[in-house]
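A.B. asks: Fold the following, please.
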Amino acid sequence: MRIEYHRTLIADQVRNDAFYAALKSAIIPGQTVVADIGAGTGLLGLMASKLGAKTVYMFETAEVAGVASKILKANRVKNCHLIPCHSTEFNDRLQADLIVSETLGNYALEENIIDTLTDARRRFLKPKGQVIPSEIKQYVAPVITPRIDDELRAWQRIGKGLDLSVAQAMSFNNAYVRTLAATELLESGRSAVSWDTIDLTKDTRNARKGEARWQSEKPQTIYGFAVWWVARLSPARFLSTGPGAARTHWEQLYFPLLEPVALKSGETVALSLRSRSSEAAGTHLAWTATHTDVRKKQISRQALDLDKGFLP
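C.D. replies: The predicted structure follows:
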C-alpha cells in the first residue's frame with residue numbers, strides 16, 4: 001500500500017473543500033444514507049458522518065481498508081460501515097440516497113469511474129437519489145511552448161553518430177502528467193475546447209471519443225496538447241484540474257506530437273481523441289492531429305497511440 005499517495009489526497013485542501021461543500025448541500029441530517037465508493041482512508045465517509053448522514057457505507061479494498069477501519073475506530077463513529085471489497089463485488093441489498101466517489105485520475109477515467117458508478121447507481125441508488133460527481137467534462141487546448149517537447153527529444157540529442165529514433169517515437173506515443181501554465185497554451189487557455197461530456201447519472205460508454213479544431217489568427221507553432229477535466233459535484237460546485245484553476249494534487253496530461261505543427265495565419269489544426277478504460281484492460285488513449293491550409297487541403301497528419309509507447 002502506498003500511504004504516501006493517500007497523504008497527497010488528504011493534503012489536497014481544494015479537493016477536500018469541494019467535496020465537503022457538495023456533501024453538505026446534498027445531505028439531510030438524520031435522513032440521508034450515503035455510499036462512499038472507493039473510500040480510501042475514509043475521509044469523505046467521515047465528512048458525510050459529521051454532516052449528519054443517517055448511515056454511511058464505505059467500500060474499499062486491499063490494505064488501505066485496514067487503515068480506514070482503524071481511523072473509523074479512532075474517530076468513534078457508529079454510523080459508518082466499512083465494506084472491505086470493491087463495490088462491484090458486493091451482492092447484498094443496499095439502498096442509498098447519495099453515492100459519492102472520488103475515483104478520478106489525472107486522466108479522468110483511468111480509475112474506471114464510469115463502470116464503477118454505473119454499477120453502483122443501478123444496484124444501490126434509490127429512485128431520485130443523487131450522485132457525486134454527476135458530470136465530467138474533458139477539455140483540450142494546444143500547447144505553444146517547446147518546454148515538454150524539448151524534454152522528449154533527448155533521444156535525438158545524444159549525438160555520437162547514434163540513431164535512437166525508434167525509442168524517441170515510443171516516447172512521443174505517450175501521455176505525460178505535467179503541470180502547464182495557462183500562458184503555455186494557445187490564447188492563454190481561452191482556446192480550450194470541451195471534447196467530451198460524461199453524464200454519470202445515466203448509463204454511458206467507457207469508450208470515449210471527441211474532436212476539437214483551432215484556426216490560427218497569426219503564425220503559431222503547436223508542440224502538443226494539454227488535456228484536463230472539470231467535475232460537477234453539485235449544481236453550484238465544480239472541481240477543475242485545468243491550468244489557471246486552484247492547484248490540486250492532479251495535474252494536466254500532455255499529448256505530444258511527433259513533429260511540431262507550424263501554423264500560418266488562417267491555417268487549422270484539428271485533433272481527434274479516443275479512449276477506452278476498464279478494470280481488466282486498463283486505459284488506452286489515441287490521438288490524431290491534422291494540419292490543413294486555408295483551402296482546407298491537408299498538409300500533415302500525425303496519429304499517435306499509447307499502446308505504441310509501451311514495451312511489449
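A.B. asks: Check Glu135 and give its pLDDT.
C.D. replies: Predicted confidence (pLDDT) for Glu135: 98.
A.B. asks: err, Tyr57, not the other one
C.D. replies: Note on Tyr57: pLDDT of 98.
A.B. asks: Tell me the bridge partners for it.
C.D. replies: Here Tyr57 sits in beta bridges with Ala35, His81, going by DSSP bridges.
A.B. asks: so it sits right up against Ile37, yeah?
C.D. replies: No - using Cβ atoms under 8 Å, Tyr57 makes no contact with Ile37, being 9.1 Å away. In short, each C-beta sits where N, CA and C put it, glycine included.
A.B. asks: show me the contacts for Trp214.
C.D. replies: Each residue near Trp214 by Cβ atoms under 8 Å, 6 or more residues apart in numbering is listed here: 142, 186, 191, 193, 268-270.
A.B. asks: Which PyMOL command selects the buried ones in those?
C.D. replies: Here is the PyMOL command that picks out the buried ones among the contacts of Trp214, judged by 16 or more other Cβ atoms under 10 Å:
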select buried, resi 142+186+191+268+269+270
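A.B. asks: Could you list which of the contacts of Trp214 belong to strands?
C.D. replies: Among these, the ones falling in strands (DSSP state E) are 142, 193, 268-270.
A.B. asks: of all the residues you listed, which two lie farthest apart?
C.D. replies: Val193 and Thr268 (12.8 Å; Cβ to Cβ).
A.B. asks: shared neighbours of these two, anything?
C.D. replies: 213-214.
A.B. asks: can you tell me the distance between the two ends of stretch 291-303?
C.D. replies: 12 Å (Cα to Cα, to the nearest Å).
A.B. asks: average pLDDT across that stretch?
C.D. replies: In the prediction, stretch 291-303 has an average pLDDT of 98.
A.B. asks: any low-confidence regions in this protein?
C.D. replies: Within the chain, the ranges that satisfy pLDDT under 70 run 1, 312.
A.B. asks: Tell me which stretches of it form helices.
C.D. replies: Along the chain, the stretches classed as helices by DSSP state H are 3-11, 13-26, 43-50, 62-74, 113-124, 147-152, 165-172.
A.B. asks: Out of those, which gets nearest to Ala281?
C.D. replies: Using Cβ to Cβ, the helices of the chain put helix 113-124 closest to Ala281, at 11.3 Å.
A.B. asks: so what secondary structure elements neighbour that closest one?
C.D. replies: Under the contact definition 3 or more Cβ pairs under 8 Å, 6 or more residues apart in numbering; DSSP states H and E, helix 113-124 sits against strand 33-37, strand 96-100, strand 125-132.
A.B. asks: which one of those strands lies closest to Ser300?
C.D. replies: When the helices and strands packed on helix 113-124 are compared by Cβ to Cβ, strand 125-132 sits nearest Ser300, at 42.3 Å.
A.B. asks: Tell me which strands the closest one pairs with, and in which orientation.
C.D. replies: According to DSSP bridges, strand 125-132 forms sheet pairs with strand 96-100 (parallel).
A.B. asks: Could you list the buried residues of the strand it pairs with?
C.D. replies: Under 16+ other Cβ under 10 Å, the buried positions of strand 96-100 are 96-100.
A.B. asks: which ones are touching Ala270?
C.D. replies: Going by Cβ under 8 Å, 6+ apart, Ala270 touches 211-214, 289-290, 292.
A.B. asks: at 7 Å what do you get?
C.D. replies: Ala270 makes contact with 211, 213, 290, according to Cβ atoms under 7 Å, 6 or more residues apart in numbering.
A.B. asks: same check, this time on Phe225
C.D. replies: Taking Cβ under 7 Å, 6+ apart, one finds 140-143, 255, 271 in contact with Phe225.
A.B. asks: Any idea what it is bridged to?
C.D. replies: Judged by DSSP bridges, the bridge partners of Phe225 are Pro142, Phe255.
A.B. asks: can you tell me how far it sits from Leu306?
C.D. replies: Separation of Phe225 from Leu306 (Cβ to Cβ, to the nearest Å): 14 Å.
A.B. asks: Can you say which of the helices and strands packed on helix 113-124 is packed in most?
C.D. replies: strand 33-37 (a mean of 28; mean count of other Cβ atoms under 10 Å).
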